[in-house]
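Trainee: Any chance you could fold what I've pasted below:
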Amino acid sequence: MLISTLLLLLSGPAQAPDTTGTAPGYGGHTYAWGTLVPKRGPVVRVCLPTTDAGFEAVVPYYISLPASASLKPKLIAAANVRWVRVGNHYSALMQPDPKELGELAALRVAGPVEVFRVKTVPLPVASFMGSAPVLSTPASGSVTVGARWYLRRADGTILRIDPEKFASQVAGFLAADKELAQRVATRQPGYGLAELETVVRQYNQRAASR
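Mentor: This next block holds a predicted model:
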């Protein structure tokens, strides 16, 4: 949904909604009040899914807690959002290539180097008829859930990890810790993609003492 439409929906008379409750909503997810920061426009409070999956294509939201789980949410393209936070879940726009739209990936590890992940099944699935996004749910068993992983430095540098180039990419990104980077580069046990979060936590802990 266009940013202007989102702002219009939120521009009515001031209300005092229940900002502490949760409710089941579309896609079988629990929705709660959270913060959405679009690329253009002010910070807004909307009801968002409490998910650690990230948002591959679109961010579903309600302007108040849904009264029914069958009520379809509004949509905003993930590429039009800087970040969202709902409860302990924080997702930020990952756009290492400015020519690409980017996607909102969920924070997994915080610190000097951050780890983000986005599951590669959209939440919800959206197709487009003309300019209007249309929600649908994948047939049961028809979708394999995967993930894309990102690293981000405090200066904003983003690396999207290619699993086939994991050792060289991540070793280069963590090169400030030569010993740890060497373990990654030589594919030592415990320093592969499956252990990425542990590896980065170790890097951040060691960085504090350097």
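Trainee: What is the neighbour count of the closest residue to residue 109 other than its chain neighbours?
Mentor: The shortest distance from residue 109 to any residue other than its chain neighbours is 3.8 Å, reached at residue 115 (Cβ to Cβ, 6 or more residues apart in numbering). All C-beta atoms are positioned from the backbone trio N, CA, C, and that covers glycine. Per other Cβ atoms under 10 Å, the neighbour tally for residue 115 reads 23.
Trainee: what's the spacing between the longest helix along the chain and its chain's center?
Mentor: Longest helix in the chain, counting residues (DSSP state H): helix 196-208. Relative to its chain's centre, helix 196-208 lies at 21 Å (Cα atoms, centre = their mean, to the nearest Å).
Trainee: got a list of contacts for that helix?
Mentor: Outside helix 196-208, the residues that touch it by Cβ atoms under 8 Å, 6 or more residues apart in numbering are 108-109, 111-115, 149, 151, 161, 170, 174, 176-177, 180, 184, 190-191.
Trainee: Distance of the residue nearest to residue 109 relative to residue 202?
Mentor: Look at residue 115 and residue 202: by Cβ to Cβ, to the nearest Å, they are 12 Å apart.
Trainee: Is residue 114 in a helix, a strand, or coil?
Mentor: strand (DSSP: H, G, I helix; E, B strand; the rest coil).
Trainee: residue contacts, it?
Mentor: Under the criterion of Cβ under 8 Å, 6+ apart, the contact list for residue 114 reads 107, 151-153, 200.
Trainee: Please tell me how far it sits from residue 67.
Mentor: 37 Å.
Trainee: And residue 33, by the same measure?
Mentor: According to Cβ to Cβ, residue 33 stands 15 Å off from residue 67.
Trainee: Show me which of the two is the more surrounded one.
Mentor: Using other Cβ under 10 Å, the more surrounded residue of residue 33 and residue 67 is residue 33, with 19 against 10.
Trainee: Reduced to three states, what does the more buried one come out as?
Mentor: Quick answer, by three-state DSSP: residue 33 is strand.
Trainee: quick one: the strands in the protein?
Mentor: For the chain, the strands defined by DSSP state E cover 22-24, 30-38, 44-49, 58-61, 74-77, 81-86, 89-94, 103-109, 113-119, 125-129, 132-136, 147-153, 158-160.
Trainee: Of those, which stretch is the most buried?
Mentor: Ranked by mean neighbour count, the strands of the chain are led by strand 58-61 with a mean of 25 (mean count of other Cβ atoms under 10 Å).
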